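[1] predicted model follows, preceded by the sequence.
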Amino acid sequence: MRALVQRVRSGRVTVDGGCIGEIGHGMVILLGVRDGDTREEAKLIAEKCANLRIFADADGRFDRSLADVAGAALVVSQFTLYGDCRKGRRPNFTRAARPEIAEPIYEYFVEVLQGLGFRVETGRFGAMMGVEIRNDGPVTVMVESKDG
C-alpha cells in the first residue's frame, strides 16, 4: 500500500464539474492499493498518516501531526501509484489491486481516519476526478507498507 501524503492549505475533488469533497488546512492523501494488501495494512498506514509530524511548530520544525493542528484529510484513491515505468513508455499497472479488492480497503482506510476523530473528505472510487491541491511548503512524503 502506498499513501502519497501532501501537506496542504486546501484540497478539492470534483466529478462531472461538481465538488464532492473539499478541505482547508490538512493533508491530501493519494492512496494506492496493491494486489495482496490487507485491512491490517490499511489500518497501519492510516494511523501512520494521522501521526506524521509534517506540520511546523513555533520554531518551524516538523514536530506537529494532523491532530495537533486540527487538520482535515482528503483521501483520493489512485491506482496509478503502482504504475511500473521501468520498461517501455506506457506504465504497467499489474501490481495495483483490482477495483473489487481495492475499494473495500480504501473505504476501510477512510473509516480508520474517521475513527481517529478526523474530518475526512473523499474522492469517488473509480471515477475520473479533478483534484485541486494547494500544497503547503511544498511538503510531500510517501508512506508505504512494509512491502511497498
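    Structure's in. What do you need?
[2] got the buried residues for stretch 110-126?
    Across stretch 110-126, burial judged by 16 or more other CB atoms under 10 Å covers 110, 112-113, 116, 118, 120-123, 125. C-betas here are computed from N, CA, C, even on glycine.
[3] give me the distance between the two termini of that stretch.
    Start and end residues of stretch 110-126 are separated by 15 Å (CA to CA, to the nearest Å).
[4] centroid residue for this structure?
    Taking CA atoms, centre = their mean, the centroid of the chain lies closest to Ile29, which sits 1.9 Å from it.
[5] I'd guessed it sits against Leu52; true?
    No. Applying CB atoms under 8 Å, one finds Ile29 not in contact with Leu52, separated by 10.1 Å.
[6] tell me, what's touching those two both at once?
    Here Ile29 and Leu52 have Val5 as joint contacts, going by CB atoms under 8 Å, 6 or more residues apart in numbering.
[7] helices of this structure, residue ranges please.
    Secondary structure of the chain (DSSP state H): helices located at 39-51, 99-115.
[8] need the contact list for the nearest residue to Phe118 once chain neighbours are set aside.
    Once flanking residues are discounted, Phe118 sits nearest to Ala73: 5.5 Å by CB to CB, 6 or more residues apart in numbering. By CB under 8 Å, 6+ apart, Ala73 lies in contact with 23, 26-29, 49-50, 66, 113, 118-121.
[9] of all pairs in the buried residues of stretch 110-126, which one is the farthest apart?
    Distance extremes for those: the farthest pair is Leu116 and Phe125 at 20.8 Å, using CB to CB.
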